Structures are given as C-alpha cells and as structure tokens.
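1. coords please:
(one chain, ligands or ions: 1)
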Amino acid sequence: MKKILLIATGGTIACSESGHGLSPSFDAEGLLALVPEIKDMCDISGMLIMNIDSTNMNPHLMIKIAETIYANYHDYDGFVVTHGTDTMGYTSAALSYMLQNIKKTVVVTGSQIAIGELYTDAKKNISDAIRFAIEGIPGIFVAFDGKIINGTRAKKIRTRNMNAFESINCANVAEIKLGKITFSKDVCNILKVDASKPFNLQTSICTDVMVVKLFPGIKPDILDFLKEHYKGVIIESFGIGGIPCQENNDILTKVKELIAAGVVVVITTQCLEEGIDLGIYEVGQEIAKNAVICAGDMNIEASIVKLMCALGKFKNIDDIKYYFETPVLGDISV
Ligand SMILES: NC(=O)C[C@H](N)C(=O)O
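-> This next block holds a predicted model:
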C-alpha cells in the first residue's frame with residue numbers, strides 16, 4: 001500500500017459553526033475519521049500545520065507547507081494538502097515553484113461545504129485527491145469536484161457552486177468519476193518533470209509585489225507611488241495587451257519610469273482566457289519596446305507567486321525575465 005501524508009491547513013473543509021461564523025476546527029485526524037474508507041486505499045497519516053481560513057494565507061505560510069512536504073518527502077509516496085478554496089490557486093502555484101523538480105504527487109483540495117454538513121463535497125474531494133496522489137504522477141495538482149487541475153492553472157471562479165474551480169488556458173489533467181481516473185494525455189505531456197534534475201526546495205521570495213488592474217479613467221500617478229515602494233509590478237492590461245498612452249491618461253510613460261527606476265514590470269491581461277500578444281496593436285507594440293516581462297497566458301495567481309520567487313532568487317532583470325517566461329510545470333504555453 002502507498003503511504004500518503006495528509007497535511008491539514010484549515011479552510012471550509014475543516015470548518016464548523018463557531019457561533020460567529022464558520023471557522024476551521026477539524027484537525028487532520030478529525031477529517032480522516034469522517035472518511036474511513038480511505039484506509040482501504042492507502043496507508044494514510046495526518047498532520048495539522050495550521051488551521052486558518054485561507055483568507056489569512058500568506059507567502060510565509062505557503063513556505064511552511066512546502067517545507068513540511070520537503071521534510072517528509074522520503075517517508076511518503078505522495079501528499080494531500082487540505083486548504084481553503086479562496087486562495088488555493090495561489091498556494092498550488094507557489095508549491096509548484098518552491099518544490100522544484102518534484103518526483104512525487106502533491107494534491108491540494110478543499111470543499112465548498114464543511115465536512116460535517118449533510119451535503120458536503122469534502123469527502124468526495126478528499127477521496128479523489130488521495131486517489132490521484134496514489135497514482136504517483138510528479139507535480140502539484142488541485143482536486144475539486146471531480147477535476148484534477150494543474151496547480152499552476154487552477155482558478156476559483158465560483159463562490160458557492162461545488163464546481164468552483166476551472167483550469168485556465170489548459171485542459172484538466174484528469175477527471176475522476178466514482179474513483180475512476182480518466183487522463184488527458186496532451187496535458188500529461190507538458191507536465192513532464194526533468195528526471196535528471198534533483199528535487200530541491202526553493203523558498204527565497206520577495207513579497208514587494210503589486211498588481212495594478214487598469215480601468216478606463218485610472219490615474220497614472222498611482223505608478224509614482226509604486227515606484228517608491230515595490231520591486232515588481234504586474235499590470236493587468238486591456239485585452240490582448242493594451243496600455244493607455246494618450247496625453248491625459250499616459251500609463252505608458254509611467255511604466256517606462258518604473259523600469260528606469262529598476263522596478264520589474266510584468267504585463268498580463270485582465271481577460272481570463274487566451275493571454276497576451278503585444279505584437280498585434282500599436283498600443284501593445286509600444287510597451288513591448290521596453291524591458292517588460294510578458295506573462296503570456298499564465299493566470300494571475302501563478303504570475304504573482306512566480307514573480308515573488310523570481311525576485312527572491314535573482315537580481316538581474318535578464319535572469320528574472322528568463323525565469324518568469326520559461327515554463328514551469330506547464331504554467332505558461334509556448
Ligand atoms: N470554501 C472555502 O474554503 C472558503 C474559505 N473562506 C477558505 O478559503 O478558507
């Protein structure tokens with residue numbers, strides 16, 4: 001039997017009513033006790049490392065999850081992390097960058113309804129996550145509502161529905177129905193881990209990162225403030241990559257000033273699907289003449305944590321750009 005470690009971090013999946021709203025209370029053993037059938041699937045152990053609503057997740061707690069997996073790596077065949085859904089996509093992406101060249105499976109899961117409730121989705125999501133972790137496919141994944149999603153592509157797009165997550169700009173890795181896994185072969189190919197490179201924990205991060213969502217009428221001088229306080233700025237531009245450049249609304253000039261001041265600028269889009277291409281419109285080509293990083297079709301969760309990792313690891317803009325624009329576990333299409 002495969003040995004699996006369930007690492008509990010809180011979230012709705014572990015919640016019960018506290019009298020002033022849902023609050024995480026179940027520990028790992030408490031979760032596992034409500035899904036006793038798991039004992040027939042694998043040799044399972046549980047460990048509680050925090051018990052928070054994932055609203056309170058932060059990069060240092062993400063490092064704690066990565067460190068826990070790293071410390072227990074040789075004692076288990078695979079790992080399941082139970083986590084709140086609200087920031088699950090950030091954590092699954094962060095683990096993808098921190099657990100470099102991982103050769104085992106990590107599956108992050110949670111639920112929309114607390115595990116003790118009658119119509120909970122928690123038990124199915126936990127058993128699907130464990131079912132997939134047993135497969136031994138290297139990488140970081142999200143298991144939710146019968147979908148297995150690449151950890152760098154998972155996005156929560158629904159606040160109430162059990163079908164809360166979508167895989168953005170990438171097909172689901174697999175689907176699970178009644179415990180039976182159906183793989184998407186195309187996706188498995190892009191997830192290949194380089195077997196020659198050693199497994200490594202990378203936790204140097206810089207959190208001086210900001211996201212600016214453009215909107216018609218945004219005041220360009222917000223970028224003056226960012227220039228003084230941040231090392232990396234992600235601009236959520238319009239459509240396929242447009243940055244306003246007209247006289248009374250000149251974001252482009254402000255972006256040039258950011259770059260001149262040594263701030264790393266990443267251009268992405270506020271559209272959910274299909275990514276950017278700065279070559280198509282004049283308003284895109286103008287920005288592309290500068291030393292900006294292109295987020296391609298990466299989702300914003302992955303872009304934020306990848307930029308934090310890039311800034312933590314490298315000082316030189318060419319190295320940061322190369323790291324950011326190079327695919328890691330299928331986070332960006334080439
Ligand atoms: N469904 C959930 O898990 C939502 C919860 N607020 C959390 O992210 O911890």
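
2. can you give me how far stretch 317-330 is from the chain middle?
-> 16 Å (CA atoms, centre = their mean, to the nearest Å).

3. Just the buried positions in that stretch, please.
-> 317, 320-321, 323-325, 328-330 (16 or more other CB atoms under 10 Å). All C-beta spots, glycine's among them, are computed from the backbone N, C-alpha and C.

4. what's the answer for stretch 284-293, then?
-> Residues 284, 286-287, 292-293 are the ones in stretch 284-293 that count as buried (16+ other CB under 10 Å).

5. Looking at these, which is nearest the ligand?
-> Among the buried residues of stretch 284-293, Ile293 lies closest to the ligand (CB to the nearest ligand atom), at 29.2 Å.

6. mind listing the helices for the protein?
-> Assigned by DSSP state H, the helices in the chain fall at 28-33, 59-71, 88-98, 122-133, 185-190, 222-229, 251-260, 282-288, 300-313, 317-325.

7. Deepest in the core, which of the ones you listed is it.
-> Most buried of those, by mean neighbour count (mean count of other CB atoms under 10 Å): helix 88-98, with a mean of 27.

8. got the angle between that one and helix 317-325?
-> With axes from the mean of the first three to the mean of the last three CA atoms, to 10 degrees defining the directions, helix 88-98 sits at 120 degrees from helix 317-325.

9. who's in contact with helix 88-98?
-> For helix 88-98, contacts defined as CB atoms under 8 Å, 6 or more residues apart in numbering pick out 11, 54, 57, 59, 62-63, 65-66, 69, 81, 83, 106, 108, 110, 139-142, 151-152, 154-156, 165, 201-203, 299, 301-302, 304-306, 309, 328-329, 331.

10. and if we set it to 7 Å?
-> With CB atoms under 7 Å, 6 or more residues apart in numbering as the contact definition, helix 88-98 has outside contacts at 54, 57, 59, 62-63, 65-66, 83, 106, 108, 110, 140, 142, 151-152, 154-156, 201-203, 301-302, 304-306, 309, 328-329, 331.

11. confidence score at the residue of the chain found nearest the ligand?
-> Nearest residue of the chain to the ligand, counting by CB to the nearest ligand atom: Gly84, 2.0 Å away. On pLDDT, Gly84 comes in at 98.

12. pretty sure it is touching Gly11, no?
-> Yes - under the criterion of CB atoms under 7 Å, Gly84 makes contact with Gly11 at 3.0 Å.

13. Measure how buried the spatially closest residue to Phe165 that is not a sequence neighbour is and give me the count.
-> Excluding its sequence neighbours, the residue lying closest to Phe165 (CB to CB, 6 or more residues apart in numbering) is Phe144, at 4.4 Å. Using other CB atoms under 10 Å, the number of residues around Phe144 comes to 28.

14. give me every residue that touches Phe144.
-> Residues counted as contacts of Phe144 (CB under 7 Å, 6+ apart) are 109, 125, 164-165.

15. so what sits against both of Gly84 and Gly11?
-> With CB under 7 Å, 6+ apart as the test, Gly84 and Gly11 both reach 53-54, 110.

16. Do the longest strand belonging to the chain and the ligand come into contact?
-> Assignment by DSSP state E gives strand 43-52 as the longest strand of the chain. No - Strand 43-52 lies out of reach of the ligand by CB under 6 Å from any ligand atom, never closer than 7.2 Å.
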